[in-house]
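Asks: A structural model of the following input is requested.
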Amino acid sequence: RVVGAHSCSTLIRLEQEAKREQYARVQQKRRKGDDMPGKKISDEVLDLAEYTKKQPWWRKLFGPSSGSSTEKYNVATQLAIGGVTGWCTGFIFQKVGKLAATAVGGGFFLLQIANHTGYIKVDWQMVERDVSKAKEQLKFHGSTTNQLAPEVKTQIDEVISFLKKNVLLTGGFVGGFLLGMAS
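Replies: Modelled structure (predicted):
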């Protein structure tokens, strides 16, 4: 970004903050008795350029902490941030996934070799009995509790709300994630 250049939403927000500060100063003067009769709050001139010069650098860069990224950054920036973080996440996910698949597959392979050579004896009847018992328990619990816990539902609602507010960031993340998985 060019120094001094602001998006429309940033300028509107800065103007609102300046008006609030100006209103607070006028109210403070009125409490002290320094106000001029007949002069209204809207009669004072608001110099937005001077107000932005007084703001700290971090406030100009990041803006207020509240609000979604759509208010703070333009479309290209949102897509770039989402794409880079998505690519990094996808790349790491790919590497960790390969490592986990290799570990599980290697462990299964070693167990089969140990079983074949006689180091391990598997009681297949006991395995079958335990699996059927687990299936029955899953059927029983699955039929009684189709509702999500309230905590889970709240978390899902928050995620959906975030995704709706930051569509460009999310789209960039998904695209970057897929590229990271492919690389």
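
Asks: tell me how far the most centrally placed residue in the chain lies from Gln94.
Replies: Geometric centre of the chain, nearest residue: Phe162, 6.6 Å, by C-alpha atoms, centre = their mean. For Phe162, the distance to Gln94 (C-beta to C-beta, to the nearest Å) stands at 24 Å. Any C-beta I mention is one placed from the backbone N, CA and C, and that applies to glycine too.

Asks: and Lys29, by the same measure?
Replies: For Lys29, the distance to Gln94 - C-beta to C-beta - is 63 Å.

Asks: next one: Phe177
Replies: Phe177 is 10 Å from Gln94, by C-beta to C-beta.

Asks: what helix or strand is the residue nearest to the centre of the chain on?
Replies: helix 150-165 (DSSP states H and E).

Asks: all helices of the protein, in order?
Replies: Per DSSP state H, the chain carries helices over the ranges 8-32, 48-54, 57-62, 69-72, 75-117, 124-144, 150-165, 167-182.

Asks: follow-up on the earlier one: what angle separates the helix holding Phe162 from helix 167-182?
Replies: 100 degrees (axes from the mean of the first three to the mean of the last three C-alpha atoms, to 10 degrees).

Asks: tell me the pLDDT of Glu151.
Replies: Listed pLDDT for Glu151 reads 83.

Asks: number of residues surrounding it?
Replies: Glu151: 8 surrounding residues under other C-beta atoms under 10 Å.

Asks: need the per-residue pLDDT for the residue lying farthest from the centre of the chain.
Replies: The outermost residue of the chain relative to its centre, with distances by C-alpha atoms, centre = their mean, is Gly118 at 51.9 Å. The confidence metric pLDDT takes the value 87 at Gly118.

Asks: same check on Gly180?
Replies: pLDDT, Gly180: 91.

Asks: who's in contact with it?
Replies: Gly86, Trp87, Cys88, Thr89, Gly90, Phe91, Ile92, Phe93, Gln94 (C-beta atoms under 8 Å, 6 or more residues apart in numbering).
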